[in-house]
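# Give me coordinates for this.
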Amino acid sequence: METAYAIVKYLHIAVGALALIGFWSAGLARKGSPLHRRAGQLFLLAMSGIVVTAVPMTLYALHQGKPNTAAFLAYLVVITATGTWAGWRAIADKRDVHRYTGLVYTALAVLSLLSGAAMLGLGLKIGAPLFAGFSSIGLYVGIDMLRKRRMRERLAQQPRWWLVEHYTAMIGNGIAVHIAFLGIGLPRLLPMVDGTALHYAAWFGPLLVAIIAKLWADRRWGAPAAPKPAPRAEHIGA
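Predicted coordinates for the structure are as follows:
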């Protein structure tokens, strides 16, 4: 089992590195360009690989007698899978909001909400600020998705709704990749920089940056188009 786990772990690291390359390549490329699309596809494929390889790593943590770690990893799998799916389907279903907000969307929304609530409860029970703090992501994502599902007719009326859904999911995925690198990979590469301050900065720093990026993107691409003024009726004099 140790050998199998090592293979999965290094595969997880490899696809994580590809995800970082894909994320920044897509982010820096001109939006809508062939490079942007290809890099985005690479990023989503790598994120799918991260989710797949994280499942046996979660089971391994449970097998090793680390249920709290396994629970947190399972939670990360849920929110990462949700973001990966939404980033892909928002583009694929951009002409059909009903298909986008269908059964899979609803199931992921419920899973995100329930896993976030479970993580909040666990974090408070064992006194883990990291668990409790990160539960907010699942809670927010789940509630927001269910709200959009209930009001999807209004969502469909918003200009470029699919674009907002796409970049919101991609920013969320970017959080996961950078947290994994800064919070898990970097301390192993450079043990001398590890510590409590770095630990929390690595987990909550990307979240803060993502919120700022989301607000900036909303101002640039998410604002609804201004309604065209109604044509003025000509006055017909006597």
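# Could you use CA atoms for every contact and neighbour count after this?
Fine.
# which residues of the protein fall in helices?
2-28, 34-63, 67-92, 97-100, 103-126, 129-150, 152-156, 161-179, 186-189, 196-217 (DSSP state H).
# Name the surrounding residues that touch stretch 37-44.
L18, A19, L20, I21, G22, F23, S25, A26, T84, G87, W88 (CA atoms under 8 Å, 6 or more residues apart in numbering).
# who's in contact with the second one?
Which is A19. L42, F43, L44, A46, M47, V177.
# same question, the fifth one
With contact taken as CA under 8 Å, 6+ apart, G22 is in contact with A39, G40, Q41, L42, F43.
# pretty sure V177 contacts L18?
No: between V177 and L18 there is no contact under CA atoms under 8 Å: 9.9 Å.
# In terms of neighbours, single out the busier of the two.
When V177 and L18 are compared for neighbours, V177 comes out ahead with 22 against 19, by other CA atoms under 10 Å.
# Next up, the contacts around that one.
G16, A19, L20.
# Let's have those residues in a markdown table, adding pLDDT.
Putting the contacts of V177 into a markdown table (pLDDT from 0 to 100) gives the following:
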| residue | pLDDT |
| --- | --- |
| G16 | 87 |
| A19 | 90 |
| L20 | 87 |
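# of these, closest to L124?
Nearest to L124 out of these is G16 (CA to CA; 30.0 Å).
# wait, doesn't that closest one sit right on V52?
No: with contact defined as CA under 8 Å, G16 does not count as touching V52 (11.7 Å).
# higher neighbour count, these two?
G16 (23 against 15).
# Now do the same contact list for that one.
A46, M47, I50, V177.
# try 7 Å this time
G16 sits next to A46, I50, V177 when contact means CA atoms under 7 Å, 6 or more residues apart in numbering.
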